[in-house]
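[1] Any chance you could fold what I've pasted below:
(2 chains)
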Amino acid sequence: KNQVEQSPQSLIILEGKNCTLQCNYTVSPFSNLRWYKQDTGRGPVSLTIMTFSENTKSNGRYTATLDADTKQSSLHITASQLSDSASYICVVSSSWGKLQFGAGTQVVVTP
Amino acid sequence: DAGVIQSPRHEVTEMGQEVTLRCKPISGHNSLFWYRQTMMRGLELLIYFNNNVPIDDSGMPEDRFSAKMPNASFSTLKIQPSEPRDSAVYFCASNNQGGYGYTFGSGTRLTVV
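    Residues are numbered from 1 along each chain as shown, chains lettered A, B, ... in the order given. So this is what the prediction gives:
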């Protein structure tokens, strides 16, 4: 069973609207959680990295939250733009440094 | 900084042929990772090196796959002989040991026909 589960698998939103992506994990012992954006045909690019003590972190219109007690994270995209169309991957690192990847959420922003 | 550089960007080869993928990590990064990405399985770690030494190759699918890192600035992933099920995008990433940031290359899209 994958130790990092993302939802939804995909979503379509209108340009200018907000959306929230979810990530639940069972990785233990936990070290940090990262959100990556992967454009089609490109490598993943880091958006945010959060450690155990961080509850929220922003990168422009992207805001990630982390609840280490419930082992949940979310990525909120504000005022979506066409360029936000991509796959968003949640990656959790254990204290031993091993990364566990979620399957990703495919976001499509339509005009 | 040019980032992690992978070559080629695309490779199409016939089944049975040898394929070599190349990666140049970010200068100063001492950890290098090879990943494979497919629609069905997402991103999978194949092998990673620390200070040019292979640390964990448990993700390498079978003996047809091999990886080398002869120096701190270059690594190769070789598939011999290649099979159609090897078709995927292969990513290389590098990191500073103990650092949180991983930087991925743009990937090599491999198609084995």
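[2] which residues does the residue of chain B at minimum distance from chain A contact?
    Going by CB to the nearest CB, chain A is nearest to residue B:104 of chain B, at 3.5 Å. C-betas here are computed from N, CA, C, even on glycine. Residues counted as contacts of residue B:104 (CB atoms under 8 Å, 6 or more residues apart in numbering or on different chains) are A:36, A:43, A:44, A:45, B:4, B:35, B:91, B:92, B:93.
[3] and if we set it to 10 Å?
    A:36, A:38, A:42-46, B:3-4, B:6, B:33, B:35, B:43, B:91-94 (CB atoms under 10 Å, 6 or more residues apart in numbering or on different chains).
[4] And the pLDDT for it?
    What the model reports as pLDDT for residue B:104 is 92.
[5] hang on, the earlier thing: which of the contacts of residue B:104 are buried? Put it as a PyMOL command.
    Applying 16 or more other CB atoms under 10 Å in any protein chain shown to the contacts of residue B:104, the buried members can be selected in PyMOL as follows:
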select buried, (chain A and resi 36+38+42+43+44+46) or (chain B and resi 4+6+33+35+43+91+92+93+94)
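[6] circling back to that earlier point, host element of the closest residue in space to the residue of chain B closest to chain A that isn't next to it in sequence?
    Nearest residue to residue B:104, sequence neighbours excluded (CB to CB, 6 or more residues apart in numbering or on different chains): residue A:43, at 3.5 Å. Under DSSP states H and E, no helix or strand contains residue A:43.
[7] now the one 3 residues further on
    For residue A:46, the enclosing helix or strand under DSSP H and E is strand A:45-51.
[8] Which residue is the nearest non-sequential neighbour of residue B:34?
    In space, residue B:34 is closest to residue B:46, 4.4 Å off (CB to CB, 6+ apart).
[9] mind exporting the helix or strand that neighbour falls within as PDB, just the C-alpha atoms?
    Counting by DSSP H and E, the element that carries residue B:46 is strand B:42-50. Below are the C-alpha coordinates for strand B:42-50, written out as PDB (Å, rounded to 0.1, in the frame of the first residue of the first chain):
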ATOM      1  CA  GLY B  42       4.300   7.100 -10.700                       C
ATOM      2  CA  LEU B  43       7.800   8.000  -9.600                       C
ATOM      3  CA  GLU B  44       9.900   5.100  -8.400                       C
ATOM      4  CA  LEU B  45      13.400   5.300  -7.000                       C
ATOM      5  CA  LEU B  46      15.800   3.100  -8.800                       C
ATOM      6  CA  ILE B  47      19.100   3.800  -7.100                       C
ATOM      7  CA  TYR B  48      20.900   6.500  -5.300                       C
ATOM      8  CA  PHE B  49      24.500   7.400  -4.800                       C
ATOM      9  CA  ASN B  50      26.200   9.300  -1.900                       C
END
